[in-house]
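*Asks:* sequence unavailable; structure follows:
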């Protein structure tokens with residue numbers, strides 16, 4: 001078996017004469033195999049509290065810790081100078097031992113009776129050489145009594161039930177009536193070899209992940225369970241009560257201590273303050289349950305991260321659970337000061353842990369996780385631990401105070417199906433009716449709200465203080481703005497906008513609001529002017545409405561007229577009584593052209609009326625129509641009138657060609673020039689000019705004296721110039737007036753059986769002076785937008801407008817399909 005942890009150090013016995021029978025050590029002094037049974041008893045002879053170091057001498061010829069030792073008799077104590085065998089006689093005095101001064105020990109002759117004297121000594125000094133003092137004074141035993149009870153006699157005088165670490169001497173001396181056998185001295189030392197250990201084992205550090213993400217996650221629960229086990233270790237430290245009593249001068253008194261360390265940092269690297277000190281130093285579960293100290297964490301949670309432009313642009317790189325992490329490191333290692341005592345050496349002090357090579361656990365039963373427990377843990381909170389939901393709702397107070405806000409879009413626009421995250425506004429207008437930009441403060445549009453979650457033991461700010469929003473507009477993609485800065489959403493007055501919002505906390509994004517989109521829709525206010533503009537439409541209404549009709553010297557528009565559309569706008573019982581319209585070439589300040597003297601006055605019925613407008617010799621052909629609209633109330637016959645102007649612009653989208661198969665000899669068109677510039681009934685249409693329908697054309701060429709009259713030729717039927725018949729046209733064709741494929745209400749002159757093959761179309765180049773994003777090239781007298789304004793549009797009246805050509809006057813023949821006589 002292993003040497004007993006019952007340190008009987010230096011069991012040294014020196015004798016000059018032996019006793020008559022064996023001196024047996026008490027059986028309960030033996031070290032038994034097996035784990036400690038009562039480690040808190042002192043001494044725990046059956047356990048491992050002590051370890052012995054001994055030497056056998058003449059008095060004790062065997063190993064005291066060998067069970068067979070007690071079957072080996074000690075050498076007899078030499079007989080005195082008498083042959084008397086004391087064991088044959090009756091006891092000379094009472095059994096149990098007497099004090100040397102007891103009269104019962106004195107014979108009638110006045111001398112002590114033959115006896116065996118037993119005296120014990122002890123030294124417990126820890127800093128100097130052994131210094132013995134009497135433990136139990138001399139006790140004298142009758143020889144026969146001593147032979148019978150020597151085991152109990154010796155160890156009773158050692159006070160064997162309460163031996164403490166130290167050096168012990170037992171002196172035996174046998175007397176006959178006159179002579180001493182000489183002192184037989186037994187020496188042994190006892191040293192504490194049991195180090196403190198915990199009854200609860202330190203848990204396996206691999207039981208937890210570092211860090212555990214999610215305060216209420218399974219990983220965090222595992223950390224909490226792990227720390228509870230660590231706390232069990234830290235609070236179950238035990239030791240035997242035979243700890244060495246140190247001299248006050250021993251440096252071990254102040255230098256040998258347990259390691260009990262618990263340190264950490266809170267969220268945002270804030271301090272725990274005193275939360276991990278004092279009694280809590282042995283309670284690592286405090287790491288998860290202690291409340292925040294001071295204002296540091298609250299400041300970190302409630303400070304707007306989007307005040308930083310870097311974080312605003314890329315929050316995911318900063319706002320993470322790493323900011324909301326508690327970190328702790330602990331080390332619980334048990335140490336004890338102890339002294340190695342010896343019979344022949346001065347005591348030596350040590351500071352040992354149960355795993356030390358010297359002074360550690362000698363039993364073989366304790367393991368490292370009984371003596372030490374050290375690790376580091378971390379638990380991170382996510383936004384899901386702090387916030388249940390983050391939502392946006394319309395700011396009804398601010399919105400209802402805005403006169404442009406449409407509070408009930410479902411009623412106002414019954415045919416539109418917009419959701420709750422769409423806000424509708426009327427478009428503001430200037431004095432002329434043109435749309436104005438719209439500026440809306442973001443916080444006047446939507447208000448955030450948040451619901452909180454609770455974390456046991458932690459006092460968190462209200463959820464509304466934890467959530468921060470950023471947003472961007474579709475008009476400025478990629479540019480994120482801070483909601484709290486209350487920046488302005490700027491709209492052009494026509495276009496809708498979508499706003500994307502994201503909600504974040506210092507610990508990361510809010511899952512249910514990772515990306516929330518709201519829409520802002522602008523609506524022109526319903527008005528007669530809006531109805532008027534909405535019903536003028538380019539024809540054909542293709543992807544390039546500003547182009548000329550393919551292969552033609554004109555562009556086309558139409559007007560849709562439906563009296564039933566007016567009443568919902570102007571009011572019940574109001575109807576169109578008359579509509580009188582004139583046309584004029586030119587732009588806002590043009591002095592080149594005069595309006596038409598003729599006017600278009602349609603019958604008030606549902607209809608679409610088409611117009612063809614001849615292109616002028618300019619890069620852009622501009623033309624406008626001005627209409628006086630008279631309304632009558634069918635109930636009281638009241639009337640009212642409004643005048644509005646709508647403008648169009650066109651470009652020539654036919655690419656120029658050096659030659660085209662339509663003409664064998666283009667010189668023939670010179671025979672068409674004079675009559676093509678005549679007006680009304682005298683006008684003869686040149687090839688590819690409009691010849692039938694509602695025609696609009698200038699009364700003079702580009703270099704005619706200003707101002708040039710604008711001609712409105714309604715329901716015209718023109719002859720086609722025949723100068724190119726047969727010889728001019730390839731394959732003997734003649735000019736015919738034929739409805740165009742694109743706009744059947746307008747006809748043009750073209751060779752018979754003309755297919756248009758070979759025409760090359762290009763996209764128009766938007767003129768720099770044309771504000772397409774606002775209006776469809778409105779006339780300056782009425783810059784209202786060409787928008788439906790919420791009005792249901794039915795049939796339409798149309799105008800065909802001469803589409804521009806880019807050439808100067810010398811570019812007469814740049815295109816086979818332009819009027820070659822300009």
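*Replies:* Yep, that arrived. Nothing here was measured: the structure is a model prediction, and the numbers come from that model. Residues are numbered from 1 along each chain as shown.

*Asks:* any regions of the stretch 101-250 of the chain where pLDDT drops low?
*Replies:* In the predicted model of the stretch 101-250 of the chain, residues 151, 159-162, 209, 241 satisfy pLDDT under 70.

*Asks:* all helices for it, in order.
*Replies:* For the stretch 101-250 of the chain, the helices defined by DSSP state H, counting those that start in this stretch occupy 143-157, 218-234.

*Asks:* and those: which comes nearest residue 462?
*Replies:* Between residue 462 and the helices of the stretch 101-250 of the chain, the shortest gap by CB to CB is with helix 218-234, which sits at 23.3 Å. (C-beta placed from N, C-alpha, C; glycine too.)

*Asks:* show me what counts as buried in the closest one.
*Replies:* 219-220, 222-224, 226-227, 229-234 (16 or more other CB atoms under 10 Å).

*Asks:* distance to residue 325 for those residues - can I get that in a markdown table?
*Replies:* Listed next are the buried residues of helix 218-234 as a markdown table, based on distance: CB to CB, whole Å:
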| residue | distance to residue 325 |
| --- | --- |
| 219 | 13 |
| 220 | 11 |
| 222 | 16 |
| 223 | 12 |
| 224 | 15 |
| 226 | 16 |
| 227 | 15 |
| 229 | 22 |
| 230 | 19 |
| 231 | 21 |
| 232 | 25 |
| 233 | 24 |
| 234 | 23 |
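
*Asks:* re the thing from before, could you dump the helices of the stretch 101-250 of the chain into CSV with distance to residue 631 added?
*Replies:* CSV is the format used below for these (distance: least, CB to CB, whole Å):
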stretch, distance to residue 631
helix 143-157, 131
helix 218-234, 74
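
*Asks:* residue 269 is nearest to which of the ones you listed?
*Replies:* Once the helices of the stretch 101-250 of the chain are compared by CB to CB, helix 218-234 is nearest, at 19.1 Å.

*Asks:* so which elements touch the closest one?
*Replies:* strand 197-198, strand 212-213, helix 286-289, strand 325-333, strand 372-380 (3 or more CB pairs under 8 Å, 6 or more residues apart in numbering; DSSP states H and E).

*Asks:* list of residues touching that helix?
*Replies:* Outside helix 218-234, the residues within contact range by CB atoms under 8 Å, 6 or more residues apart in numbering are 198, 200-203, 207-209, 212-214, 260, 282-285, 287-288, 330, 332, 369, 373, 375, 377, 379.

*Asks:* now do that helix against strand 372-380, angle only.
*Replies:* Here helix 218-234 runs at an angle of 150 degrees relative to strand 372-380 (axes from the mean of the first three to the mean of the last three CA atoms, to 10 degrees).

*Asks:* wait, residue 759 sits on residue 548?
*Replies:* No - applying CB atoms under 8 Å as the test, residue 759 and residue 548 come out as separate, 10.9 Å apart.

*Asks:* for the spatially most central residue of the chain, grab phi and psi.
*Replies:* Central residue of the chain (CA atoms, centre = their mean): residue 508, 2.0 Å from the mean position. When read as degrees, to the nearest 10, the backbone of residue 508 gives phi 140, psi -180.

*Asks:* who's in contact with it?
*Replies:* 319-321, 382-383.

*Asks:* any idea how far the closest residue to it other than its chain neighbours lies from residue 134?
*Replies:* Leaving aside its sequence neighbours, residue 508 sits nearest to residue 383 (CB to CB, 6 or more residues apart in numbering; 4.6 Å). Applying CB to CB, to the nearest Å, the value for residue 383 to residue 134 is 77 Å.

*Asks:* just to revisit the earlier point, same list, the contacts of residue 508, but as TSV with pLDDT please.
*Replies:* As requested, the contacts of residue 508 are exported to TSV (pLDDT from 0 to 100):
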residue	pLDDT
319	98
320	97
321	97
382	96
383	96
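
*Asks:* in helices only, show me those residues.
*Replies:* Judged by DSSP state H, helices contain the following of these: residue 383.

*Asks:* farthest pair in the contacts of residue 508?
*Replies:* Most distant of those, by CB to CB, are 319 and 382, 10.8 Å apart.

*Asks:* give me the common contacts of these two.
*Replies:* Joint contacts of residue 319 and residue 382 (CB under 8 Å, 6+ apart) are 507-508.

*Asks:* for residue 131, give its distance to residue 350.
*Replies:* Where residue 350 is concerned, residue 131 sits at a distance of 20 Å (CB to CB).

*Asks:* any buried residues in stretch 256-264, and which?
*Replies:* 256, 258, 262, 264.

*Asks:* how about stretch 239-246?
*Replies:* Buried-residue list, stretch 239-246, by 16+ other CB under 10 Å: 239-240, 242-244, 246.

*Asks:* which of these lies closest to residue 700?
*Replies:* Distances from residue 700 to the buried residues of stretch 239-246, taken by CB to CB, are shortest for residue 239, at 121.0 Å.

*Asks:* verify the contact between the closest one and residue 192 for me.
*Replies:* No - between residue 239 and residue 192 there is no contact under CB under 8 Å: 9.1 Å.

*Asks:* so which of the helices of the stretch 101-250 of the chain gets nearest residue 346?
*Replies:* Nearest of these (CB to CB): helix 143-157, 25.5 Å.

*Asks:* quick one: the closest one to chain centroid distance?
*Replies:* Its chain's C-alpha centre and that of helix 143-157 lie 82 Å apart, by CA atoms, centre = their mean, to the nearest Å.

*Asks:* so what does it touch, helix or strand wise?
*Replies:* Counting contacts by 3+ CB pairs under 8 Å, 6+ apart, helix 143-157 packs against strand 115-123, strand 133-141, strand 166-175.

*Asks:* contact partners of the first one?
*Replies:* This means strand 115-123. Strand 115-123 has contacts (CB under 8 Å, 6+ apart) with 19, 77, 92-93, 97-98, 100, 105, 130-143, 146, 150, 153-154, 157-158, 166-175, 341.

*Asks:* separate out the buried members of the residues you listed.
*Replies:* Buried among those by 16+ other CB under 10 Å: 19, 77, 92-93, 97-98, 105, 130, 132, 135-136, 138-143, 146, 150, 153-154, 157-158, 166-175, 341.

*Asks:* ranges for the helices of the stretch 501-650 of the chain?
*Replies:* 528-534, 567-570.

*Asks:* now do the stretch 251-400 of the chain
*Replies:* 252-255, 286-289, 296-302, 309-313, 368-371, 383-386, 396-400.

*Asks:* which parts of the first one are buried?
*Replies:* Just to be clear, that refers to helix 252-255. For helix 252-255, by 16+ other CB under 10 Å, it's residue 252.

*Asks:* what separates that helix from the chain centre, distance-wise?
*Replies:* 50 Å.

*Asks:* same thing with the longest one?
*Replies:* On the basis of CA atoms, centre = their mean, the separation between the geometric centre of helix 296-302 and that of its chain is 16 Å.

*Asks:* what is the end-to-end distance of stretch 601-613?
*Replies:* 18 Å (CA to CA, to the nearest Å).

*Asks:* about what we covered before: relative to residue 716, which of the helices and strands packed on helix 218-234 is closest?
*Replies:* Of all those, strand 212-213 sits nearest to residue 716, with 80.8 Å by CB to CB.

*Asks:* tell me what the closest one is packed against?
*Replies:* helix 218-234, strand 372-380.
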